[in-house]
Every structure is written in structure tokens, then in C-alpha cells.
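**Student:** Provided below are the primary sequence and the corresponding predicted coordinates.
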Amino acid sequence: MRVMGVDPGLTRCGVGVVEGLPGRPLRLVHVSVVRTSPDDDVAHRLLGVEQGLTAVLEEFAPDAVAVERVFAQHNVSTVMGTAQAAGVAMLAAARRGLPVALHTPSEAKAAVTGNGRADKAQVTSMVTRLLRLDAAPRPADAADALALAICHVWRGAAQSRLDAARRAAVPRSRGGTVQ
């Protein structure tokens with residue numbers, strides 16, 4: 001399974017692609033950071049993020065995309081930009097018919113370190129070890145994107161099966177619409 005992880009952001013959007021299966025060694029396919037200038041207007045910055053993500057999707061053809069779930073922070077403008085970049089990532093994946101999963105930062109941290117409250121240095125160290133890299137991915141956005149991809153490889157398949165079982169267990173209504 002090949003998964004693209006996205007650590008969304010307007011200034012720096014981390015992108016990592018890993019390949020592997022649960023219980024098997026993982027392989028780094030690609031890691032980068034899409035950068036946009038804070039001096040540009042938001043629409044052009046989002047376009048830059050979309051173009052960067054599209055290029056990675058086209059070149060590395062992942063089977064799924066894992067995006068960091070945006071959580072509330074104190075700085076509303078930061079949350080808005082992050083949420084907008086996450087939306088662009090989901091849209092780019094959906095255009096290609098790829099499944100999209102959202103993982104919280106604590107889920108990704110727990111997947112790679114065993115501790116949902118691990119700091120950035122611990123996440124970067126474990127990503128480096130798990131992917132058997134000679135050097136740590138920099139900046140932290142790149143390591144975070146790889147952690148999201150690893151999280152999805154290890155947890156995403158099981159979560160997808162659980163979600164499908166839940167959907168199958170819910171009786172569907174016959175006809176009618178909700179207004």
C-alpha cells in the first residue's frame with residue numbers, strides 16, 4: 001500500500017509518501033514541503049498548495065491520502081489557513097478517486113512513537129528509524145507528513161474495515177428525502 005501523508009499548512013505543507021503493509025518494513029518513496037509566500041494573497045497560496053500536492057499525486061500515484069485532522073487552536077487565522085490547506089489536499093485526492101483519511105496529531109504520534117503526546121523531536125527520530133533514513137527529514141512538517149502516512153499504513157486498513165462494517169450495520173431508509 002502506498003500512502004501520501006499531508007501535514008497541511010499555508011506557508012509550509014508537509015508531504016510524505018511511504019509504501020508498506022502492517023507488520024512489514026516501510027519504505028520512503030518521497031518527502032517534500034510545498035511552500036508559499038506569506039506575502040501572497042490566500043487564494044494564490046492555496047493554488048500553490050494545490051499545484052504542489054497535485055504534482056506529488058501524479059508522480060507517485062498513492063493508493064490513499066492521509067491528512068492531519070485540524071483541531072482548534074487559540075490563533076483563529078492559523079486554524080483557518082491550516083483547514084483551508086487540508087481542504088485543498090482532500091479535494092486533490094478526491095479528484096483522483098483516492099480514499100482520504102483524517103488522523104489527529106495524537107493518533108499519528110501514537111502510531112510512530114507509542115505516545116500520543118510525543119514531541120516533534122521524538123516523532124522525527126522514530127520516523128527516521130522506521131524508514132531507515134540516513135538523515136532526519138526536515139523541517140518538522142515533512143516528518144509529520146511521513147508520520148501521518150505511516151499511521152495510515154498501520155491503522156488505516158483496519159479503520160476502513162471497521163467503518164465499512166458500521167455502514168453495513170446501519171439500516172438504510174427506503175425512499176424519501178430529508179428536508
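**Tutor:** That came through fine. Residues are numbered from 1 along each chain as shown.
**Student:** so what's the residue most central in space within the chain up against?
**Tutor:** Taking C-alpha atoms, centre = their mean as the criterion, Val67 is the residue nearest the geometric centre of the chain, at 2.7 Å. Contacts were defined as C-beta atoms under 8 Å, 6 or more residues apart in numbering; by that measure Val67 touches Gly5, Val6, Pro8, Ala86, Ala89, Met90, Ala93, Val100, Ala101, Leu102, His103, Leu148. Just so you know, the C-beta spots here come from the backbone N, C-alpha and C atoms, and that holds for glycine as well.
**Student:** Quick one: residues contacting the first one.
**Tutor:** Contact partners of Gly5, counting by C-beta under 8 Å, 6+ apart, are 14-18, 65-67, 144-152.
**Student:** So what sits opposite it in the bridge?
**Tutor:** Using DSSP bridges, the beta-bridge partners of Gly5 come out as Gly16, Ala66.
**Student:** Give the full set of residues in contact with Arg2.
**Tutor:** Val17, Val18, Glu19, Val29, Phe60, Ala61, Pro62, Asp63, Ala64.
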